[in-house]
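In: No letters, just coordinates:
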DNA sequence: GAGTGGTCTAGACCACAGG
DNA sequence: CTGTGGTCTAGACCACTCG
C-alpha cells in the first residue's frame, strides 16, 4: 500500500461517515499537515477520490463531496426502467434551444438525406419531479415539418407532431452507448462530471415508411435511467 | 493551454500518425529531454493519454499504445454495433471464473426462480484482436444445465449449450444502462476508471418458452461498443 | 546492471473565488 | 488581500523488466 492510497482510503471512509453532498474537504495544505505528508501526495490521494466520482475539485474554492453514494443510489434505479419516450413518461419537458441548420456530412449520413437538406434542431430537457433526467437533441427534417421550431414549446414532441402535422413517428432503430457528460450537460442535468450518461441515438421514420424524418440523441443520467428492451417472442 | 496539455496533444497526434497498437512510446526521460520539460510534466501529459484510453503504462517496460482509435473505432463501431452475444461475435472469449452458488434474494427476483435455486456463475472476458471489450457474468440454472461450469472453457457459451445440452437459448428482455468500471473491471478491460461502461442485463429463456434459464450482465467499454436495436416494422 | 515507470518530497509561482 | 486549487521544476529513491 502506498501513502496516497492509504490516505485516499482514510478520506473515503471519513467522507462516507461524516460528510454530505455539498460539504467541502479540508484544504490540501491542511490535509498535508494532518497526515504529515507533502501536498503533492495529498493531491495524488484526492485524484483517487475524483476518479471514483466521490469529490469534485473547484479551483479557488475547495474540494466538494458530490456523490456520497450511500444516500445517492438508493431508490434511484428502478423507477425509470422504460425509456421516457416510448412510455410517454415526460412529466416535464422544456425546450432549451431551437435552431435551423443545414445538415453536415455526418448528420446527413446518419439521417440518410441529401447533404443540402435543412433540419431544425430542438434541444429539450426532461425532468421528473423537478429532477433533470435527460437532454435530447432532435433533428427534424424541415421539408416534412415546416415551422416545427416555432410551434413546439413543451410536452411530447411526437404528440405535437401528430396533432399539428397529422404525422405519426416511429422509432425504427437505435444505438445505445455511454459517455461522460460535457460541462454544459453536467450543468443541465445537475450531475457530476463523473456520472456516465446513457446515450441513445435513434432513427425515426413515419409510420410504416423507411425514410428518416427525425434523428435524435438522448443523453440520460445513468443513476436514474435504464432502458428496457423487449424482444419479439 | 498548459504545457502538459500541449505535450499531450502533440503526443496524441504523433501516436495517431506514426504508431500502431503495441508500439512503445519513448521513455519519460527521453520525452522530457526532447520537450525540455521536467519528467513529472511528461508524466502529467501521459496521464491524459492514459485517461483517454490511448496508451497503457507498464512498470519496468514502457508505455504502450493500446487503442489507436483512428483504426480502431472506424472498424470497431460498426463491426460491433450488434451485441456480441446476439451476433456470435466473440473472436476470443476467456473464462475468468466459475462458481456454483445459491441465488440471493435479488438474483432470485431477477431470474424469477425459487430462492433456494442453485446457479452456476461463469464470468468471461471477451476480446477482439487481443483488445478486451467486455466482461460478462452469466448466471445459469443448475437444474437445467448440470455441470456447465466444468465443460465450458472458451468460445460461444450459447453454442456450447446447444451442442452439449441440445437447448437453444433466446434473449427475451434486457435492461441497458451505464456505469463506471470497478477497479478490477478497469484492470480486466485495460481501461481508465473514467471510461463509462455500457451495462446490459439480459433475461434469457429457452426457445419459445417463458422460464428464465440464464441471467447475464455484460459490461462493455463504451469507446468501442455500441448496442444496436432494431424495432419491428 | 541498466533502463523503465511509480512514488514522495520540497519549493515556487500562477489562476481563481470571495471577503 | 487571503486562501484555495493548478502547474511546473528539481532531485531522490524504489520496484519492476529484461538481458
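Out: Thanks, I have the structure now. All values derive from a computational prediction rather than experimental measurement.

In: Is any residue of the top helix by length along chain A near DNA strand C?
Out: Longest helix of chain A, by residue count under DSSP state H: helix A:3-18. Yes. Under the criterion of Cβ under 7 Å from any atom of the strand, helix A:3-18 makes contact with DNA strand C via A:3-4. Where you see a C-beta, it was placed from the backbone N, CA and C, and this is true even at glycine.

In: Next up, phi/psi of residue A:195, please.
Out: Backbone torsions for residue A:195, taken as degrees, to the nearest 10, come to phi -80, psi 120.

In: any idea how far it is from residue A:30?
Out: To residue A:30, residue A:195 is 28 Å away according to Cβ to Cβ, to the nearest Å.

In: more neighbours, these two?
Out: Between residue A:195 and residue A:30, counted using other Cβ atoms under 10 Å in any protein chain shown, the more crowded position is residue A:195 (22 against 12).

In: Hmm, that one is touching residue A:181, no?
Out: Yes. With contacts counted by Cβ atoms under 8 Å, residue A:195 reaches residue A:181, the gap being 6.9 Å.

In: where's the residue sitting furthest away from the middle of chain A relative to residue A:45, distance?
Out: In terms of distance from the mean C-alpha position of chain A, residue A:36 ranks first, at 40.3 Å (Cα atoms, centre = their mean). Counting by Cβ to Cβ, the gap from residue A:36 to residue A:45 is 13 Å.

In: again with residue A:39
Out: Taking Cβ to Cβ, one finds residue A:39 at 11 Å from residue A:45.

In: Looking at those two now, which is surrounded by more residues?
Out: Neighbours were counted for residue A:39 and for residue A:45 using other Cβ under 10 Å; residue A:45 has more, 25 against 14.

In: Check the secondary structure at the more buried one for me.
Out: The local conformation at residue A:45, judged by DSSP: H, G, I helix; E, B strand; the rest coil, is helix.

In: For it, list the residues it contacts.
Out: A:3-5, A:7-8, A:11, A:31 (Cβ atoms under 8 Å, 6 or more residues apart in numbering or on different chains).

In: 7 Å - rerun?
Out: If you count contacts by Cβ atoms under 7 Å, 6 or more residues apart in numbering or on different chains, residue A:45 has them with A:4, A:7-8, A:11.

In: Return the closest of these with respect to chain B.
Out: residue A:8 (11.7 Å; Cβ to the nearest Cβ).

In: Report how many residues lie close to the closest one.
Out: Neighbourhood size, residue A:8 [other Cβ under 10 Å]: 21.

In: Close to DNA strand D: what parts of chain A are there?
Out: Contact residues (Cβ under 7 Å from any atom of the strand) of chain A with DNA strand D: A:25, A:27-30, A:40, A:43, A:57-63.

In: Can you name the two of those that sit furthest apart?
Out: Spatial extent of these (Cβ to Cβ) is set by the pair A:40 and A:61 at 20.0 Å.

In: Counting neighbours around each, name which of those two comes out higher.
Out: Shown here are residue A:40 and residue A:61; by other Cβ under 10 Å, residue A:40 has more neighbours (12 against 9).

In: quick one: the strands in chain A?
Out: If DSSP state E is used as the criterion, the strands of chain A fall at A:55-58, A:62-65, A:92-102, A:118-128, A:131-141, A:169-179, A:197-206, A:212-221, A:227-230.

In: got CSV for those strands, with mean neighbour count and mean pLDDT too?
Out: CSV is the format used below for those (neighbours: other Cβ atoms under 10 Å in any protein chain shown; pLDDT from 0 to 100):
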stretch, mean neighbour count, mean pLDDT
strand A:55-58, 18, 82
strand A:62-65, 18, 87
strand A:92-102, 14, 82
strand A:118-128, 19, 83
strand A:131-141, 22, 84
strand A:169-179, 20, 74
strand A:197-206, 22, 80
strand A:212-221, 23, 85
strand A:227-230, 18, 60
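
In: among these, which is nearest residue B:219?
Out: Using Cβ to Cβ, the strands of chain A put strand A:169-179 closest to residue B:219, at 10.3 Å.

In: circling back to that earlier point, let me know the closest of the contacts of residue A:45 to DNA strand D.
Out: residue A:11 (11.6 Å; Cβ to the nearest atom of the strand).

In: Filter the contacts of residue A:45 down to the buried ones.
Out: Those of those that meet the buried threshold are A:4, A:7-8, A:11, by 16 or more other Cβ atoms under 10 Å in any protein chain shown.

In: between those residues, which is nearest DNA strand C?
Out: Nearest to DNA strand C among the buried ones among the contacts of residue A:45, with distances taken as Cβ to the nearest atom of the strand, is residue A:4, at 3.6 Å.

In: so who does the closest one touch?
Out: A:41, A:44-45.

In: If we check DNA strand C, which of those residues are in contact?
Out: Among the contacts of residue A:4, the ones lying near DNA strand C by Cβ under 7 Å from any atom of the strand are A:41, A:44.

In: out of the contacts of residue A:4, who's nearest DNA strand C?
Out: Among the contacts of residue A:4, residue A:41 lies closest to DNA strand C (Cβ to the nearest atom of the strand), at 3.3 Å.

In: Is that closest one in contact with residue A:3, as I believe?
Out: Yes. Shown here, residue A:41 and residue A:3 form a contact pair, counting by Cβ atoms under 7 Å, at 5.7 Å.

In: Before I go, just wanted to say thanks for your time.
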